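Participant: Generate coordinates for the sequence data below:
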Amino acid sequence: MRTVRLRHLVQLGPRANSRDKTSSSMATSLPMEAIGEDGTLDRSQECVASEVANSYTYVGEGDVVLAKVTPCFENGKSAIATGLANGMGFATSEVYTLRPGPDIEVRYLLYTLRTLDFYQYGVASFEGAGGLKRVSARALLDYGVLLPEKHAQRSIADFLDRETAKIDALIEKQRELVTLSQERRAACLRWRALGHDRTSQSGRTWYGAVPPEWVVDKLGRHARIVNGSTPSRDRIEYWADEGFPWLNSSNANLDVIREPLS
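Facilitator: Next comes the predicted model:
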């Protein structure tokens, strides 16, 4: 496997041809927020090509877009531009456009730009001050790419596509489990507070069936809201009519009410 500088593998900043620059056709608009940190691209926004061609970065179908400014670079904003309106897009000036040459597979290029090695190299080569540091074009093109044969590049990209899809599916499943766990806990707390049997079945096994005679009513019709400090135990106000003691915040601990000592 050989190491080849990126300048020998890609065309940096390909320009729109004169037809595209003067076209009244629609093109995909790619502001920074349209470029995902996970390699995705939001193509929902469009613009008229001739109105933006002279002030925005041209992107062709199949090009790779890479954020060059901090913190977007550190966040991994990069993607392959596919499905562009009329095969062209115009991105923020804070990205580089890289057009793969014949020796590098586009997905292999994108995965290379998303490696820890490239991230560390880019951060170390930042130029500028404050919050406007950028990776220079010279530093970008000088980056050394480990370059196997083209068929091996495709195999590596295929493997990473499969593994990335598995990881994404696991992350989504984990999010669903967290949401269901929170929902289940909230439901159990509600039913426990009401003394309801959660073993009966409904839409979810932990919810239980709502008795048909239950109705929705205003809290004020069934309780008296009192503000102020807790009275002394030797005062009649401390004890309710049924003998239940006054409760304050120190008696509540998550889903458990600790009865005060009499």
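Participant: Identify the residues contacting Gly36.
Facilitator: Asp42, Lys77, Ala79 (Cβ atoms under 8 Å, 6 or more residues apart in numbering). Where you see a C-beta, it was placed from the backbone N, CA and C, and this is true even at glycine.
Participant: just Asp42 next, same as before
Facilitator: When contacts are taken as Cβ under 8 Å, 6+ apart, Asp42 is in contact with Glu33, Ala34, Ile35, Gly36.
Participant: distance of it from Leu84?
Facilitator: When Cβ to Cβ, to the nearest Å is the yardstick, Asp42 and Leu84 sit 12 Å from each other.
Participant: Closest one of the contacts of Asp42 to Pro14?
Facilitator: Ile35 (17.4 Å; Cβ to Cβ).
Participant: To what extent is the nearest residue to Thr40 once chain neighbours are set aside buried, counted in neighbours?
Facilitator: Excluding the flanking residues, the one nearest Thr40 by Cβ to Cβ, 6 or more residues apart in numbering is Ala79, at 6.2 Å. Ala79 is surrounded by 26 other residues when neighbours are defined as other Cβ atoms under 10 Å.
Participant: same thing with the one 3 residues further on?
Facilitator: Around Thr82 sit 12 other residues, with neighbours defined as other Cβ under 10 Å.
Participant: Contacts only, for it.
Facilitator: Leu41, Glu61, Gly62.
Participant: ditto for Ala27
Facilitator: Asp20, Glu46, Cys47, Val48, Ala49, Val52, Leu84, Ala85, Asn86, Met88, Gly89, Phe90.
Participant: For it, list each beta-bridge partner.
Facilitator: When bridges are called by DSSP bridges, Ala27 pairs up with Cys47.
Participant: Could I get the pLDDT score of it?
Facilitator: The model reports Ala27 with a pLDDT of 94.
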